[in-house]
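Student: My questions concern the predicted model and sequence given below.
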Amino acid sequence: ADDDPAVRTVLHRILETGGYRVAQASNGQAALSRYREHGADAILSDLQMPLMSGMSLLREIRRTDDTVAFVILTGAGTLEDAVEALRLQADDYLVKPFNVSEVLLSTERAVSYRRLLRDNRAYQRELESRVAAQAAELESLMLDALRAPDGILNKPGPLDADEYAEMKRHPEIGARIMKS
């Protein structure tokens with residue numbers, strides 16, 4: 001998003017050359033609408049624009065999704081702006097005029113980092129699901145192991161064949177628990 005059509009055109013060409021599919025927006029509100037409608041892996045935004053600033057756009061995007069790469073571009077930013085952008089989790093803060101390699105490197109680094117963030121979260125969800133499934137299985141095995149009938153456990157005399165078979169099941173269950 002940039003209110004300067006010439007900057008948007010240059011960025012469009014740079015990013016397309018880098019293999020990115022690009023959509024343009026002339027201000028933060030238009031960029032936010034486009035993002036909400038179509039999503040995005042990365043957003044490059046000017047800091048100062050009409051209707052909605054790049055900083056406000058960053059805040060709105062981060063409210064709903066912290067996995068979108070976000071690079072601030074500015075020709076009039078201050079050190080305070082840079083600190084605020086990084087505090088809001090902008091991936092980079094580039095000062096105009098920028099060069100092609102700087103934009104591509106910054107975008108690729110930001111997209112890679114955010115992709116890793118998404119992948120790590122997916123892996124964490126998968127691990128949590130697997131742990132929950134194993135815990136449920138262990139609980140089931142433990143409850144099964146504890147279900148020895150009191151009549152067998154408290155029997156004063158020798159066990160019959162069925163009772164003996166029931167009691168033999170418990171070490172087998174214990175072995176399965178140990179393998180889990």
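Tutor: That came through, no problem. Every value quoted in this text rests on a predicted model; they were computed, and no experiment measured them. Numbers count the residues shown, from 1 in each chain.
Student: Next SSE downstream of the helix or strand bottoming out on mean pLDDT in the chain?
Tutor: Sorting the helices and strands of the chain by mean pLDDT, DSSP states H and E puts helix 150-153 at the bottom, at a mean of 74. Remark: after helix 150-153, the chain's next helix or strand is helix 161-179, criterion DSSP states H and E.
Student: Phi, psi for the nearest residue to residue 23 once chain neighbours are set aside please.
Tutor: If the residues on either side of it in the chain are set aside, residue 23 comes closest to residue 34, at 5.6 Å by Cβ to Cβ, 6 or more residues apart in numbering. Every C-beta, even on glycine, is put in place using the N, C-alpha and C of the backbone. Phi and psi for residue 34, reported as degrees, to the nearest 10, are phi -60, psi -40.
Student: so residue 34 makes contact with residue 26?
Tutor: No - judged on Cβ atoms under 8 Å, residue 34 makes no contact with residue 26 at a distance of 10.7 Å.
Student: From residue 128, how far out is the residue nearest to residue 23?
Tutor: For residue 34, the distance to residue 128 equals 33 Å [Cβ to Cβ, to the nearest Å].
Student: and the angle from the lengthiest helix in the chain to helix 161-179?
Tutor: Across the chain, the longest stretch assigned as helix under DSSP state H is helix 100-145. Orientation of helix 100-145 against helix 161-179 (axes from the mean of the first three to the mean of the last three Cα atoms, to 10 degrees) gives an angle of 160 degrees.
Student: mind checking how far the residue nearest the centre of the chain is from residue 69?
Tutor: Nearest residue to the geometric centre of the chain (Cα atoms, centre = their mean): residue 118, 3.0 Å. Counting by Cβ to Cβ, the gap from residue 118 to residue 69 is 11 Å.
Student: Give me the mean pLDDT for stretch 33-51.
Tutor: Stretch 33-51 shows a mean pLDDT of 92.
Student: now what about that stretch, what contacts it?
Tutor: Under the criterion Cβ atoms under 8 Å, 6 or more residues apart in numbering, residues 1-4, 7, 11, 15, 20, 23, 25-31, 53-55, 57-58, 61, 68-74, 76-77, 81, 85, 103, 107, 110-111, 114-115 lie in contact with stretch 33-51.
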